[in-house]
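[1] After the sequence you'll find the predicted model.
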Amino acid sequence: MNKLNIDFAFEGFRIVREKPLLIVFWGIVLLVGNALGLGLFFYLAWPGIQSLITSGFPSTEDPMAILNLMGQFVGPYFLLLLIMMIVQAVMACAVYRRVLGRPESSFGYIRFGGDELRMIAVMFVLGLLLGLINFGISLVGGVLSVVASSIIGTEGARLIFDLLTMVIYLYFVIRLSLAYVQCFDEKSFNLFGSWNLTKDVFGTLLGGYVLMVLLGLVVGLLCLVVFWVVAVIGLGGNLDLISQLGKQPSAAEITRILTILAPWLGAYVVFLSLIVSPLVTAIFTGAPAAAYRQVVGASRRRADNVF
């Protein structure tokens, strides 16, 4: 097993530098996926949205009205999650193909086949597993914080065990972080192979992921600042429109404000999908793939189809 170098955190920037056209391809896919997901969500959830605009959120004294309103959002929300998961799986596999040196026989490494279907299953199962781990850790931490509150006080115990819970959960996340790319590379459903791969490189992975997050945040924030500066200039510096939404305006006033803001909100979704999302995806997905490439090495790659 090869030694890991922290420069894997810069893989996303290498992808953009070596083949910038990929960002265009990936941006188109993300734009189509976001437009489809958000379009279906608002179309199906529009009755509930109209009810919120005209009547506001139901009183807490009427639980049936609250359940009825929430029920109008459950189906559209899960459909949105499904579409986003499919898009994320397609994008992850495209990044993995680029980082692992697979031949580009398609539109920006974009495909939809066995690899993507397997990735959807891996994302779902691993997400469920991490959710259960987080629940278990939080439950134990909550019980221990109650016990310790009599010694160090309620607030102190809660703070200590919240931090401890977060640290333990992040440990599991990092140890399992190479599972996605490993399952792609091996064409398998090997959820726990990452545990063995990361046992000797945990410290380097942690440092690289911290650097990756910082780089991703800087890139994302810079892009968004540029957009909103342009948007504010386009609105003539009139920020009162946005602030008025928080003052419980009438339904007619809300409609007027949204009509003015709608073109900018649409432009925001397009900008986010075409530029920000593919850049951030390259950074956050490329880094673990590059770490896996370093740890495993080219000689360990297998081409047999297990799944």
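    Everything's here; your move. Every value quoted in this text rests on a predicted model; they were computed, and no experiment measured them.

[2] Chain neighbours aside, what residue packs nearest to V90?
    What sits nearest to V90 in space, not counting adjacent residues and going by Cβ to Cβ, 6 or more residues apart in numbering, is E116, at 5.4 Å. The way it works is simple: take the backbone N, C-alpha and C, and place the C-beta from them, glycine included.

[3] hang on, isn't that neighbour packed against V87?
    No. With contact defined as Cβ atoms under 8 Å, E116 does not reach V87; the gap is 10.0 Å.

[4] backbone phi and psi for the residue nearest to V90, please?
    As for E116, its main-chain torsions (degrees, to the nearest 10) stand at phi -70, psi -40.

[5] ditto for F107
    Backbone geometry at F107, expressed as degrees, to the nearest 10, gives phi -70, psi 90.

[6] and it, what are its bridge partners?
    Here F107 sits in beta bridges with I110, going by DSSP bridges.

[7] what's the neighbour count on it?
    Neighbourhood size, F107 [other Cβ atoms under 10 Å]: 12.

[8] Report the separation between it and V95.
    Distance, F107 to V95, by Cβ to Cβ, to the nearest Å: 14 Å.

[9] For the stretch 51-200 of the chain, which segments count as strands?
    Counting by DSSP state E, counting those that start in this stretch, the stretch 51-200 of the chain has no strands at all.

[10] which regions of it lie under the pLDDT threshold?
    Scanning the stretch 51-200 of the chain for pLDDT under 70 picks out 51-66, 69, 149-157.

[11] Quick one: the helices in it, in order.
    Secondary structure of the stretch 51-200 of the chain, counting by DSSP state H, counting those that start in this stretch: helices at 63-99, 114-152, 154-175, 179-186, 193-197.

[12] Can you get me a residue count around G216?
    19.

[13] P288 now?
    P288 has 28 neighbouring residues, counting by other Cβ under 10 Å.

[14] And for Q72?
    Neighbourhood size, Q72 [other Cβ under 10 Å]: 18.

[15] Over to the one 5 residues further on?
    The number of residues packed around Y77, counting by other Cβ under 10 Å, is 14.

[16] give the contact list for the nearest residue to it once chain neighbours are set aside.
    Spatial nearest neighbour of Y77, excluding adjacent residues (Cβ to Cβ, 6+ apart): F41 at 7.0 Å. Listed by Cβ atoms under 8 Å, 6 or more residues apart in numbering, the contact partners of F41 are 76-77, 79-80.

[17] what do you get for K19?
    R98.

[18] Which phi and psi values does it adopt?
    Torsion angles, degrees, to the nearest 10, at K19: phi -150, psi 70.

[19] Please apply the same query to F112.
    Backbone torsions for F112, taken as degrees, to the nearest 10, come to phi -140, psi 100.

[20] Number of residues surrounding it?
    12.

[21] Also V147?
    11.

[22] Check L132 too.
    That count, for L132 with other Cβ under 10 Å as the rule, works out to 10.

[23] Over to L197?
    Residues near L197, counting by other Cβ under 10 Å: 23.
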